[in-house]
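Undergrad: would you be able to build a 3D model of this:
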Amino acid sequence: MVSAVVLLKTHRGLVNEVATQLAELNGISEVFSVGGRYDLVAILRVRDNEAMADLVTEHMLKVDGIAESETLLAFRAFSRHDLESMFSLGLGE
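TA: Okay, here's the model as predicted:
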């Protein structure tokens, strides 16, 4: 599994429309509207690097209303949620 965080700036007044379109794409698990330098944060989870490249360059960045993006590829996940689910399956014993 390959994960990435994509920071997005949208054209004025299009935050909700862009977020809705992104959330419908396969491989994007969550889209958050945020305050600060960026308008949206998208969480991507796909099977491999090729699928990530396809999602970002062939699908995601073709969504109308995206002005800028910055993709942060994840190396390692540190998540309480992931750890709790692993232990609940008995894998941590």
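
Undergrad: where in the protein is pLDDT low?
TA: 80-93 (pLDDT under 70).

Undergrad: swap the cut-off to 50 and go again
TA: For the chain, the stretches with pLDDT under 50 are 92-93.

Undergrad: strands along this protein, start to end?
TA: 2-10, 28-33, 40-46, 66-73 (DSSP state E).

Undergrad: as a markdown table, the ones you listed with distance to residue 59 would be great.
TA: Just so you know, the C-beta spots here come from the backbone N, C-alpha and C atoms, and that holds for glycine as well. Below are the strands of the chain laid out as a markdown table (distance: least, Cβ to Cβ, whole Å):
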| stretch | distance to residue 59 |
| --- | --- |
| strand 2-10 | 12 |
| strand 28-33 | 9 |
| strand 40-46 | 10 |
| strand 66-73 | 12 |
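
Undergrad: possible to save those as TSV with mean neighbour count and distance to residue 18?
TA: Shown next, in TSV, are these (neighbours: other Cβ atoms under 10 Å; distance: least, Cβ to Cβ, whole Å):
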stretch	mean neighbour count	distance to residue 18
strand 2-10	19	5
strand 28-33	15	8
strand 40-46	20	6
strand 66-73	14	6
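
Undergrad: nearest to residue 16, of these?
TA: strand 28-33 (7.6 Å; Cβ to Cβ).

Undergrad: and the angle from the closest one to strand 2-10?
TA: Counting by axes from the mean of the first three to the mean of the last three Cα atoms, to 10 degrees, strand 28-33 lies at 30 degrees to strand 2-10.

Undergrad: what's in contact with strand 28-33?
TA: Contact with strand 28-33 is made by 15-16, 19, 22-23, 39-45, 55, 60, as judged by Cβ atoms under 8 Å, 6 or more residues apart in numbering.

Undergrad: closest to residue 79 out of the strands of the chain?
TA: strand 2-10 (10.1 Å).

Undergrad: and that closest one, how far from the chain's centre?
TA: 5 Å (Cα atoms, centre = their mean, to the nearest Å).

Undergrad: quick one, it and strand 40-46 angle?
TA: 160 degrees.
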